[in-house]
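**Q** mind looking at a prediction? Sequence and model below.
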Amino acid sequence: QVQLVESGGGLVQPGESLRLSCAANGSIFNIYIMGWYRQAPGKERELVASLPDWRDPTYADSVKGRFTISRDKAKNTVDLQMNTLEPEDSAVYYCFADLYEFYYSDRKVFWGQGTQVTVSS
């Protein structure tokens, strides 16, 4: 079974930075896309950034120019560098991986457990 383990959340002040990391472990043949969603209280889950194998990353408009997503394909990890954080960035951040467990299996999406990011003075 595939597991996604996240780390790096916490409490920071506006304007500061955080780096989130996520590692996919288990039976993995190939990862198609990795990325991050977030969900704030009372709001829907939104896509923050994603990075497929075949093209450049995509970002939510609200984080463009401040957040950078990167992947290490050899290690099956994805990081999210978050700079110039704003209170509106406060949310639980979820890592996801859209992947093939085996060469013969269908693609499935797996999720991390979520990590809290709080931006407050």
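**A** Arrived safely. Residues are numbered from 1 along each chain as shown.
**Q** got phi/psi on the most far-flung residue of the chain relative to its centre?
**A** Residue farthest from the centre of the chain, counting by Cα atoms, centre = their mean, is Y104 at 26.3 Å. When read as degrees, to the nearest 10, the backbone of Y104 gives phi -100, psi 0.
**Q** pLDDT wise, what is it at?
**A** According to the prediction, Y104 has pLDDT 86.
**Q** any idea what I69 is bridged to?
**A** L80 (DSSP bridges).
**Q** that one contacts L51, doesn't it?
**A** Yes: at 4.9 Å, I69 counts as touching L51 under the criterion of Cβ atoms under 8 Å. Glycine gets a C-beta too; all of them are placed from N, C-alpha and C.
**Q** so what's in contact with those two at the same time?
**A** 35, 57, 78 (Cβ atoms under 8 Å, 6 or more residues apart in numbering).
**Q** narrow the residues you listed to those that are buried.
**A** With neighbours counted by 16 or more other Cβ atoms under 10 Å, the shared contacts of I69 and L51 contain buried members at 35, 78.
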